[in-house]
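Student: got a sequence here, can you model it:
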Amino acid sequence: MDKEEINEDINISKDEKDELNAQTAENDVEAQKSKDKNSDSEKNDDEKLTPEQELETLKDKLARTFAEMENQRRRFEKEKEDAYEYGGYTFAKEALNLLDNLERSKAVLESDDKLKDTEALIKIIEHLDIINTDMLSIFKKNNIEPIKSINEKLDPNLHQAMMEVEDDTKDPGTIVQEIQKGFLMKDRLLRPSLVGVSKKKVKEVEKEEKKDEKNQ
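Tutor: I've put the predicted structure just below:
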């Protein structure tokens, strides 16, 4: 056997070896895939629930569904009640402007020097008062009533202080003037009363401060 034949045999053996290694590697990959598949199958089998567990799961889902349905029913009932109770809320709030205009018109007429103490003015004021009374009566029938203000303590939930008035006859924070009447619709605020509240006179405050300094 010459040198070329020996080299050819060596090359053939090398190719066969490489092919064998490749086939072995492929077999190893297939074996690993099969092993992983079997492992996943066993895992899925382990995760299968028993009939009792499935029943408990279904009961839990059913209870959650009923709870959500009940919550939705309650929300719907609340919205329906609010729509019935406060359906005219926006209209009532706008209607208050009519009362304001009546009050402004009355004030303008009463301050007119040419109309003061005339019979015409007296009749006009009487008619305006009748309209004002009728509107308040209609509001009251629909659970809309004015907020009490004069001589009441300032309540931030009902009143909005617009000014302070020096008045030593009232406790500080007492409402002594009503600039614009506020209204409630049942327990809901239509608008707050715009008011003036009392405060002590400056001289009285200075006296009290001097007394405090002496006592200290």
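
Student: so, low pLDDT: which residues of this protein?
Tutor: Applying pLDDT under 70 to the chain picks out residues 1-47, 80, 82-87, 203-216.

Student: now what about stretch 185-201, what contacts it?
Tutor: Stretch 185-201 is contacted from outside by 85-86, 89, 92-93, 96, 142-144, 147, 149, 154, 157-168, 170-184, 208, using C-beta atoms under 8 Å, 6 or more residues apart in numbering. Any C-beta I mention is one placed from the backbone N, CA and C, and that applies to glycine too.

Student: if we go by neighbour counts, what in that stretch is buried?
Tutor: 185, 190, 191, 192, 193, 194, 195, 196, 197, 198, 199, 200 (16 or more other C-beta atoms under 10 Å).

Student: sec struct for residue 189, please.
Tutor: Look at residue 189: counting by DSSP: H, G, I helix; E, B strand; the rest coil, its state is strand.

Student: so what's it bridging to?
Tutor: Residue 189 forms beta bridges with residue 184, as assigned by DSSP bridges.

Student: then residue 194?
Tutor: Residue 194 forms beta bridges with residue 160, residue 180, as assigned by DSSP bridges.

Student: so this structure: which segments form each domain?
Tutor: 63-142, 145-208 (automatic domain parsing).

Student: so of the ones you listed, which one's packed in deepest?
Tutor: Of the domains of the chain, the one with the most neighbours on average (mean count of other C-beta atoms under 10 Å) is domain 145-208, at a mean of 15.

Student: can you pull out the strands in the chain?
Tutor: 144-146, 159-166, 175-180, 183-185, 188-191, 193-199 (DSSP state E).

Student: closest one to residue 56 among those strands?
Tutor: Closest approach to residue 56 among these (C-beta to C-beta): strand 188-191, 46.3 Å.

Student: restrict the closest one to CA atoms and write it as PDB.
Tutor: What follows is strand 188-191, C-alpha atoms only, in PDB (Å, rounded to 0.1, in the frame of the first residue of the first chain):
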ATOM      1  CA  ARG A 188     -77.300  68.700  49.400                       C
ATOM      2  CA  LEU A 189     -76.000  72.300  49.100                       C
ATOM      3  CA  LEU A 190     -77.300  74.200  46.200                       C
ATOM      4  CA  ARG A 191     -75.200  77.200  47.000                       C
END
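
Student: sorry, back to before: what's the most distant pair in the buried residues of stretch 185-201?
Tutor: 185 and 200 (36.0 Å).

Student: if we can go back for a sec, export the buried residues of stretch 185-201 as JSON lines, with columns for distance to residue 50.
Tutor: Listed next are the buried residues of stretch 185-201 as JSON lines, based on distance: C-beta to C-beta, whole Å:
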{"residue": "185", "distance to residue 50": "59"}
{"residue": "190", "distance to residue 50": "62"}
{"residue": "191", "distance to residue 50": "65"}
{"residue": "192", "distance to residue 50": "64"}
{"residue": "193", "distance to residue 50": "69"}
{"residue": "194", "distance to residue 50": "71"}
{"residue": "195", "distance to residue 50": "72"}
{"residue": "196", "distance to residue 50": "77"}
{"residue": "197", "distance to residue 50": "73"}
{"residue": "198", "distance to residue 50": "78"}
{"residue": "199", "distance to residue 50": "78"}
{"residue": "200", "distance to residue 50": "81"}
